[in-house]
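*Asks:* Fold the following for me, if possible:
(chains A and B)
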Amino acid sequence: MESPVEIVQHTAGGAIGVSWLMIAFPLLGAAILLVLGRKTDRWGHLLGVAMSLASFVVAVLAFFELLGLSAEQRRQAVHLYEFIPGMADMGLLIDPLSISFALLITGVGSLIHIYSIGYMSHDPDRRRFFSYLNLFVAAMLLLVLADNYVGLFIGWEGVGLASYLLIGFWQFKPSAAVAAKKAFVVNRVGDFGLLVGMFIMWSATGTFAFAELSEKAGGLSQPMVTAIGLLLLLGACGKSAQLPLQSWLLDAMEGPTPVSALIHAATMVTAGVYLVVRSGAFFFPEGSPQALAVAIVGAATLLAGAIIGCAKDDIKKGLAGSTMSQIGYMMLGAGLGPAGYAFAIGHLITHGFFKADMFLGAGSVMHGMNDEVDMRKYGALRKYMPITFVTFIIGYLAIIGFPLLSGYFTKDGIIETAVEHNQVLGWLAVVGAGITGFYMSRMIFMTFFGEKRWAEDAHPHESPTVMTVPLIVLSIGSIFLGGYLILSNRLMLWLAPAVGRPEELPTFHFASTPGLATLALVAVGAAYAWMKYGRAEVPAVQPRGSFLTTFARRDLYGDALNESLFMRPGQWLTRIAVFFDNRGIDGVVNGLAAGIGGTSGRLRRIQTGFARTYALSILIGAALLTGALLLVGNI
Amino acid sequence: MNDIMQAPTIEYGTLAPMLLVFGAAVLGVLVEAFAPRYLRKVMQVPLTLVSLGGAFALVLVQVIMRGAPTEAVAMGAVAVDGPALFIWGVILVLSFVCVLLVNDEGHFVASAAAVPGSADEEEAEAAGSGHTEIYPLLLFAVGGMMLFPAAHDLLTMFVGLEVMSLPLYLMCGLARRRRLLSQEASMKYFLLGAFSSAFFLYGTAMLYGYAGTVSLPGINKALAGGALLDPLLLIGFAMLGVGLLFKIGAAPFQAWKPDVYQGAPTPITALMASGTLVAAMGAVLRVFWVGLGNLDWNWRPVMWAVAALTMIVGAVLAITQTDIKRMLAYSSIAHAGFLLIGVMATFDKSQQNAGSLSAILFYLLVYSFTTVGAFAIVTMVRDPGGEAGHLSRWAGLGKRSPVLAGVFAFFLLAFAGIPLTSGFFGKYAVFAAALASGSESGDSLGGWMTGLVVLGVVASAVAAFFYVRVIVLMFFSEPAADGPSIAEPSMGTVAVIAVAALVTVGVGLFPQPMLDVAHQAAANLFIR
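*Replies:* Sure thing, here's the model as predicted:
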């Protein structure tokens, strides 16, 4: 196994030297749009797009500069300034891993910015939307580019904030406000894990910097590393909607669709995978219990997400379930050590493309259908939205792993590596792929095929060019990117300086046992979906469904579980605390206050308003003073 | 009689600030006597402002050029030492600011002699005449305020007390609205003031009987050698105390304060609440630290009780007040109690004494400015019949006039001593000095001092309740439909509020420069 190379301090200028501009551009954009407010309403969205594109340009330049360096030189640290004296410096780490993320974030991010010009064109708050999007891009870039955990954490919280603001963007809808709050609260749990992990990290090693940790982490005791790893995993679960912190992602679809595409599919929710892969060399050594935990969480979530996806009639929630499931695959890959990292990141990148493609496609459908999200009210849309249909189909084929498309290579890579490492988890992933085939086909059939089941006032039409061009670009990526990255191990070799790689490079088998089994199961799933939703008529009202369907519709009772395990005991705790506060503490305080008030009321009567009474009080006072002095003097 | 009558030596340069104020006051009387009515105000206002400003400049010149004198001047009658100069400076700025308030139309009656509600009153009102005598009266009062804390013997102090008080009695009765209340206040203040002055004079006589002198250092010297338990001394001392404590409004001599503060025209209330308190505290310090410095083992326990009672009465009674001016009066009583804690913070070493003295001076400065600002705002909130005194009228003010209510809320927070306002540092300095003096003595006194400071903190908490209650009333209640109007403020009022707010914020954020000034003023203590 080859370890990551050492991080070198960047001295030359160039694009890497000014890589902080990647973060600065969108941050500036967000600041301008938020500070100047309504004055920027007319051109705010253009500024937002320009800032995102500028950031993309810097990322591309830095990427090519990095390509020009030898493999040993490909981890460049750029020191920016002293942040917390004696604790953390602010600096960026430009290496193959971070620049891959930067390209994905700024590239897909820019496309989604452009798409949003059209999608949000009727919204009076479009400018605010773009300011939040810019804020998100800046925070996400800080998350992946920071060369230490403190910077990472700031970005981590920044994307959480942007996500909160964007889920609740239409805050006049109570459901959106509640969903935003839920996302925030659930993420608190994960962030708590990340923070405590960082605390332990600091007390054990005295540093947060990746460069120093790669030296010092080796000296830590096994239980210490496991503790840090598990806590970081908790953080990753929160951000990436993995079991048991998955419940917020489905509700997060209340946000505008471009947000679902960018934040809740392509980028932010993959931050957990980034965290695990980035920390892999320090805290997730291959074969360690915490790495196994990562893989188990991934496998469990990929099944759970797929099952949820099967029962959703809301097109966005269906896609959200699928996102959970696909991130589960990535987590599974990330839990397998350097052998799986390249496939996990590869799947992350291709997923960024095809899932964004499908989310934006769903947005395009909603745009044409008066914001209807219920797939039972769709049907036969392929004739009315040809571009959306074709691009959506490409995304669909990619996600189910249709041979030679992007998803085929990356997902198959994960499955095969998993089977090699752990038979049980590997075959669970195969089953998950079969379910994926079913629920994604169900979505396609319900939306684009069959009979029209539209609402009466629906007039579906193709979306404007500004929305379809990003769809086309994303679908091209969904076709070719996977093969390009995986065949001849391009991505693995590229990432090796940052995350290491196995000694022996894998070769991609087109006809391995798990691969063929996957294809067969996918075909079965798709066929079953055809029988139920393509050939048969789709009822306009949701049928009752079996026990299993209800189970899936209710998100596997995740909310019910949270409610009974945490919310109700929490409420009881609150009630008890309130009771003691009212009766105990407040009782004393209020009693005291009432006592003083009463005294005041009684004493007030002394103030009669008569000068004679006042004079008398002076006289008595004088007598007392004299008496007291004489008394004190004579003691 | 072989002595030839010698002309007394007067150090005119040292006394120049005070003499300038008195001179301007005399000039003002002449203006009243000889200038035609329509010219009087035009002449009085600049005369008053220039003399007060000039006196302040003279104080500065004196401090910068020569520093504080170390000997009493005017044949040992007046001590223009560091604390006195500091107090003069504060009083001059405060009175300058109060003149700007006095200057506003509508506070003072057109003809004080006319019976309220009579035809005479209407006539005078219609003629638009006003009492310009207020300006020389105010100058005399200010002159008295300067002499009072700087007096080096008890007789001069008495003269200062009366020169200060007599014009104030008069000015209290000159309110344009609610004249009966105003006249009643004036009458009460006069009667009770005369009563307490009599105590003061009686005490002076007793002490003369004991020491054979009225000079403060002379009395102290007599104490050093004489019997400390002489009833003459103790009774005289108690009587003197009554006169002084009456002026600062310490319990049980506080009863006049709410009635007078409420009845007096608000600009005069502002002057009394700030200038009079500063002057009287200066006098208290001088008498207790210089004149009776060697007797502190006797007066400390009594002062303890007075301070405790004052804080409790001020804070507790303020809670049930419904009139804003009365509430501020009780708040002033509570603050007098806090200041008395500082008066008790004496040490054996003069350097540490200078520390507590500077704390008191600092407290006086910050409290008095905030007070003037608060009363200035009270003048602006008006009903058809005059100022809207009742607290219920202030409900929802934050919605009608957010800036005004915000500034007022800020002043209230400063009174409460919330950090980042000047009030916090004032209270902190005084309490810290008191704790230090208690722990220095190391015996039971330490515990008593700590107890007093704890009581002070508790009283502050109680006081915070009624300050915050007003804030809640202003910002979290619905405004009344027929709520008070906010008077369009004159330049003068705006300037007053701005200066007060600036001092409150500025000293709250950067207390060090002002602490340094107070420390320098207190460095050499009083002339003994």
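*Asks:* In this structure residue B:459 contacts residue B:340, no?
*Replies:* No: if you go by Cβ atoms under 8 Å, residue B:459 and residue B:340 don't touch, sitting 11.7 Å apart. C-beta here means a position set from N, CA and C on the backbone, and glycine is covered the same way.
*Asks:* Comparing those two, which residue is more hemmed in?
*Replies:* Using other Cβ atoms under 10 Å in any protein chain shown as the criterion, residue B:459 and residue B:340 rank with residue B:340 on top: 29 against 24.
*Asks:* Now do the same for that one: its pLDDT.
*Replies:* For residue B:340, the model assigns a pLDDT of 93.
*Asks:* so what's it up against?
*Replies:* Listed by Cβ atoms under 8 Å, 6 or more residues apart in numbering or on different chains, the contact set of residue B:340 reads B:248, B:250, B:303, B:306-307, B:310.
*Asks:* Enumerate the positions of the longest strand along chain A that are buried.
*Replies:* If you go by DSSP state E, chain A has its longest strand at strand A:76-84. For strand A:76-84, a neighbour-count test (16 or more other Cβ atoms under 10 Å in any protein chain shown) marks A:76-78 as buried.
*Asks:* ok, residue B:269 to residue B:214 distance?
*Replies:* From residue B:269 across to residue B:214, the span is 33 Å (Cβ to Cβ, to the nearest Å).
*Asks:* between these two, who's got more neighbours?
*Replies:* Between residue B:269 and residue B:214, counted using other Cβ under 10 Å, the more crowded position is residue B:269 (29 against 21).
*Asks:* after the helix or strand harbouring that one, next one along is what?
*Replies:* In the assignment (DSSP states H and E), residue B:269 maps to helix B:266-271. Next along the chain after helix B:266-271, taking DSSP H and E as the criterion, comes helix B:277-285.
*Asks:* What's the end-to-end length of stretch A:119-135?
*Replies:* Its first and final residues considered, stretch A:119-135 spans 19 Å by Cα to Cα, to the nearest Å.
*Asks:* Which of the three states applies to residue B:195?
*Replies:* What DSSP: H, G, I helix; E, B strand; the rest coil gives for residue B:195 is helix.
*Asks:* Show me which residues of chain A sit near chain B.
*Replies:* Residues of chain A found near chain B (Cβ under 8 Å from any Cβ of the partner chain) are A:593, A:596-597, A:599-601, A:603-604, A:606-607, A:609, A:611, A:613-615, A:617-618, A:620-622, A:624-626, A:628-630, A:632-634.
*Asks:* just the buried members of those residues?
*Replies:* Neighbour counting with 16+ other Cβ under 10 Å marks A:596-597, A:600, A:607, A:611, A:614-615, A:617-618, A:621-622, A:624-626, A:628-629, A:633 as buried within the residues of chain A next to chain B.
*Asks:* Please identify which helix or strand holds residue 301.
*Replies:* This is for chain A. Residue A:301 is part of helix A:289-311 when elements are defined by DSSP H and E.
*Asks:* Hmm, no, I was thinking of chain B.
*Replies:* Applying DSSP H and E, one finds residue B:301 within helix B:296-319.
*Asks:* tell me which strands and helices that helix is in contact with?
*Replies:* Helix B:296-319 sits against helix A:586-604, helix A:611-634, helix B:231-248, helix B:324-343, helix B:444-476, with contacts defined as 3 or more Cβ pairs under 8 Å, 6 or more residues apart in numbering or on different chains; DSSP states H and E.
*Asks:* I'd like to know which of those helices is closest to residue A:216.
*Replies:* Of all those, helix B:444-476 sits nearest to residue A:216, with 49.0 Å by Cβ to Cβ.
*Asks:* how big is the angle separating the closest one from helix B:324-343?
*Replies:* 160 degrees (axes from the mean of the first three to the mean of the last three Cα atoms, to 10 degrees).
*Asks:* So is helix B:444-476 next to chain A?
*Replies:* Yes: applying Cβ under 8 Å from any Cβ, one finds helix B:444-476 touching chain A at B:462, B:465.
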